[in-house]
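Novice: Sharing a model that was predicted from the sequence below.
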Amino acid sequence: MTHSPGVEPKLRLTVGSGTDRGLRRELNEDSFLARDPVFMVADGMGGHEAGEVASQLCVQALGDAPILAPGTHRATAQDIQHVIEEADWRIREATGARAGTTLSGAVVILITAVPYWLVANVGDSRTYRLSKAGRFVQISVDHSEVRELVDAGEITPEEALFHPRRHVVTRALGTGEDAEADFWLLPVEAGDRLLVCSDGLTSELRDEEILGILTSRTHPQDAADALIGAAIDAGGRDNITVIVVDARDVAAN
């Protein structure tokens, strides 16, 4: 658990997080950063430790950026895209563009003293929001071949869960031609619970199963641990990384 005095008294954040290699992978190629104002997951791709390097370099770029320093809440989408481009360059330099990583999550920013979630996404890691009223929504949109097939009506969302190309992404950092992030700006509301995860969670658990766990655990760390445990029990075929962030004492609410 961490509290974030940097945004008090406007906002109090409580965080739970964790990562696991799973049952079938030799290495954990996921990395994450979970400290105010950055809550992001990077899922490395490439194998033979290259994916691990890619995700770590991505998270290091986030941690090194002055605009994302602890307690700093001034970042814009353009700022974050510049950090993503720096991460993309670092990965290409280190791996010769042989490895890549997804990136998803949120940065807390203040606009006229009102806190917002600035959500960014590249690839098929995901960011969800559970409101105090119980509305559970995937904010990010997967950059993946199966997402495109679902959108085109060629397969159903259920078929996408088992499609042989379900892990093929159409955007990534460090490899390919497109590392541009999609962005969403959402006011932080009291009672929000944000979930950021790698596809090792969502490939094992359906959204309704994830929601059941999120609503049955009061503390974010308990929720994060339970989600990882459930994904392992369901097969644990990939690395699993989870961040759960609760928002309380939001002055505007």
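Specialist: That came through, no problem. Every value quoted in this text rests on a predicted model; they were computed, and no experiment measured them.
Novice: hey, let's count contacts and neighbours off CA atoms from now on
Specialist: Fine.
Novice: Correct me if wrong: Glu29 contacts Gly51.
Specialist: Yes: with contact defined as Cα atoms under 8 Å, Glu29 reaches Gly51; the gap is 5.4 Å.
Novice: Next, show the common contact partners of the two.
Specialist: Common contact partners of Glu29 and Gly51 (Cα atoms under 8 Å, 6 or more residues apart in numbering): Asp43, Gly44, Met45.
Novice: With respect to pLDDT, which of those ranks lowest?
Specialist: Of all those, Met45 carries the smallest pLDDT score, 91.
Novice: which residue sits closest to that residue in space, ignoring its chain neighbours?
Specialist: Once flanking residues are discounted, Met45 sits nearest to Gly51: 4.2 Å by Cα to Cα, 6 or more residues apart in numbering.
Novice: counting contacts, what elements does the top helix by length along the chain pack onto?
Specialist: Scanning the chain for the longest helix, with DSSP state H as the assignment, gives helix 77-95. For helix 77-95, the packing partners by 3 or more Cα pairs under 8 Å, 6 or more residues apart in numbering; DSSP states H and E come out as helix 50-64.
Novice: Tell me the buried residues in the helix it packs on?
Specialist: Using 16 or more other Cα atoms under 10 Å as the test for burial, helix 50-64 gives 50-63.
Novice: of all those, which two lie farthest apart?
Specialist: Spanning the widest gap among the buried residues of helix 50-64 are Ala50 and Gly63, at 19.9 Å by Cα to Cα.
Novice: Quick check: the residue nearest to Met45 vs Ala65, distance?
Specialist: Remark: distance between Gly51 and Ala65 (Cα to Cα, to the nearest Å) = 22 Å.
Novice: Please apply the same query to Ser55.
Specialist: From Ser55 to Ala65 the distance is 16 Å (Cα to Cα).
Novice: neighbours around Ala113, how many?
Specialist: By the measure other Cα atoms under 10 Å, the count of residues near Ala113 is 12.
Novice: Now it: phi and psi?
Specialist: Backbone dihedrals for Ala113, given as degrees, to the nearest 10, come out at phi 70, psi 10.
Novice: Repeat that for Gly123.
Specialist: phi 100, psi -150.
Novice: show me where the protein has strands.
Specialist: Here the chain has its strands, by DSSP state E, at 12-20, 30-35, 38-45, 100-101, 103-111, 114-122, 126-130, 136-138, 182-187, 193-197, 240-248.
Novice: Quickly run through the sheet partners of the first one, with directions.
Specialist: Strands adjacent to strand 12-20 in the sheet, as given by DSSP bridges, are strand 240-248 (antiparallel).
Novice: How far does the partner strand sit from its chain's centre?
Specialist: 9 Å (Cα atoms, centre = their mean, to the nearest Å).
Novice: CA atoms only for that strand, dumped as PDB, please.
Specialist: Coordinates of each C-alpha in strand 240-248 appear next as PDB, following Å, rounded to 0.1, in the frame of the first residue of the first chain:
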ATOM      1  CA  ILE A 240       0.700 -11.600 -15.000                       C
ATOM      2  CA  THR A 241       1.000  -8.000 -13.800                       C
ATOM      3  CA  VAL A 242      -1.600  -6.000 -12.000                       C
ATOM      4  CA  ILE A 243      -1.900  -2.500 -10.500                       C
ATOM      5  CA  VAL A 244      -5.100  -1.500  -8.600                       C
ATOM      6  CA  VAL A 245      -5.500   2.200  -7.600                       C
ATOM      7  CA  ASP A 246      -8.200   3.500  -5.300                       C
ATOM      8  CA  ALA A 247      -9.100   7.200  -5.300                       C
ATOM      9  CA  ARG A 248     -10.500   8.800  -2.100                       C
END
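Novice: Brilliant, that's me finished.
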